[in-house]
Structures are given as structure tokens and as C-alpha cells.
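Chemist: Test case, fold it:
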Amino acid sequence: MDAKNTTGKILGNFVSLLSGEIIAKAFGFLTTIYLARTLGPDAFGILGFVWAVYGFFSFVANPGLDMIATRELAAGRYGTTRMVRTVVSLKALLAGGAAVLFILFARIFVQDPVTSRVMMVQALNFLVGIITLDFLYHALQRMKHVAFRRALFGFLYLVLVLWLVRNQDNIALVPVAMFGAGALSLVPQVVIYFRKVRLRSNGDPRFHVGCFCEQPFPSELPRSCCLFMG
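Modeler: Take a look at the predicted model:
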């Protein structure tokens, strides 16, 4: 019976993630087509450059925290609430640093004023990654919440882009739409955490930021931030 329950849970999580990813990709495809047709090749090329640079700095904002947090939460060695607080705090520190570096890069190395302005607005999206609780629901094997967030983001992003972006002069509003969609898509995750997960959390109350410093991160950046905080 346990084997059947485990298999059913794995299959359910797989189907949830697959469905959410397919829906998100479909909305993303429609959004890309609309942006390409509305903005034109020059403005759309600017977006491509901004997203590429943003993707690079995103690694600075989260160089493995979610992976480590998922593993530790799944192992059940520490309390859920304390772990989430620590992860969010570290994410905030790293995301703040990444946003500053991203803005400095735009101001120093980007000569085109339009591209620089779009990058400044794009920096807002580092804030969204701070509150994302995918790592928690991965550890709890509640993939439906992760899948729903991804699908909801894709839908909201498309709606906001259709509403805000009417021509190439609105290019700076694309990151605004991304930020709005990202923030709104996090609301269900946060509400579920405070209403259900947080109330039932338990574990080792001695967990603190120093526990994270002992973990093998993919890079030394989060370890340095741990030492700085603790």
C-alpha cells in the first residue's frame, strides 16, 4: 500500500510539474510572438540583450540556495519556519547585491540610453526571486503549488504585456509586466505557507544561519554572505 501511495504521489507531482510547465511555455510563446511583432526587431533585440545579462546576474542572486534548502527541508533536520526565514534573508542579501551590480553594469558599460533604462527597470525582478518558495514545496513534495505559480506567471505576464505594451516606445514596460506577473503569481504560495505550512512546521529550533555555512554550495558567494550575516 505504501509503495502504491509513493508511486501515486510521484506520478501526481510529475504530472503537476509537466502540466504547469507546458501551460507556462504556451503562454510564454504567445507573449514572445506578440512582443516580437509589436516592438519590432530593434527593440526586441534590446530585450534579448537585457534578458541575457539579467540571466547571468541571476546566478549571483541565487547560486544554489534553493537546492540546498530543498535538501535540508526534505531531510527534516531543521524547523521549516526557521529555514524559510534564513533562506529568504540570504536571498534578500544576494539579490540586493546582484541588483546593484546589474545597475552598475547598465550605467557603466551600456551606452545606449534605451537599453540602459530597460535594464534599470529589469532590476526590479530580482526582488521577486527573494520571496519565491518553490524550494519549500519541492521539499514537501507539493509540486502542484510550484506548477500553479509557473502557469499563473505565464498567464499574468501575457495579460500585462497585452495591456501595457502597444508599440516600441513601451519597451520599458515589459520588465514592469514581468515584475507584476512575478509578484502576483507568488501570492498563492505565500498565503498557503502562512495558513497551512507554517502552522504545522516543526523540527530543530536550534537552526541558524551558521548551519547554512556548513553546506557545500556550488560557489563560495553564499558562504561568504552566511559568514557576513552570522
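Chemist: going forward, measure contacts between C-alpha atoms and count neighbours the same way
Modeler: Will do.
Chemist: Tell me which other helices or strands the host helix or strand of Ile22 touches.
Modeler: Assigned by DSSP states H and E, Ile22 belongs to helix 2-61. On a contact count with 3 or more C-alpha pairs under 8 Å, 6 or more residues apart in numbering; DSSP states H and E, helix 2-61 meets helix 80-109, helix 113-122, helix 143-164.
Chemist: What is the burial count for Thr7?
Modeler: For Thr7, the count of nearby residues is 12 (other C-alpha atoms under 10 Å).
Chemist: Gly20 versus that one, what's the distance?
Modeler: According to C-alpha to C-alpha, to the nearest Å, Thr7 and Gly20 sit 20 Å apart.
Chemist: so what does the helix or strand following the helix holding Ile22 touch, helix or strand wise?
Modeler: Using DSSP H and E, the helix or strand that follows helix 2-61 in sequence is helix 65-75. Packing partners of helix 65-75 (3+ C-alpha pairs under 8 Å, 6+ apart): helix 80-109, helix 134-139.
Chemist: Quick check: mean pLDDT of helix 65-75?
Modeler: Helix 65-75 carries an average pLDDT of 85.
Chemist: Same question for that helix: list its buried residues.
Modeler: By neighbour count on 16 or more other C-alpha atoms under 10 Å, the buried set for helix 65-75 is 65-66, 68-70, 72-74.
Chemist: mind giving me TSV with those and columns for distance to Leu94?
Modeler: Shown next, in TSV, are the buried residues of helix 65-75 (distance: C-alpha to C-alpha, whole Å):
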residue	distance to Leu94
Leu65	10
Asp66	13
Ile68	15
Ala69	15
Thr70	18
Glu72	20
Leu73	21
Ala74	23
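Chemist: Which single one of these is nearest to Thr31?
Modeler: Of all the buried residues of helix 65-75, Asp66 has the smallest distance to Thr31: 27.4 Å, by C-alpha to C-alpha.
Chemist: quick one: contacts for the residue lying closest to that closest one once chain neighbours are set aside?
Modeler: Leaving aside its chain neighbours, Asp66 sits nearest to Phe135 (5.2 Å; criterion: C-alpha to C-alpha, 6 or more residues apart in numbering). For Phe135, the contacting residues are 66-67, 69-70, by C-alpha atoms under 8 Å, 6 or more residues apart in numbering.
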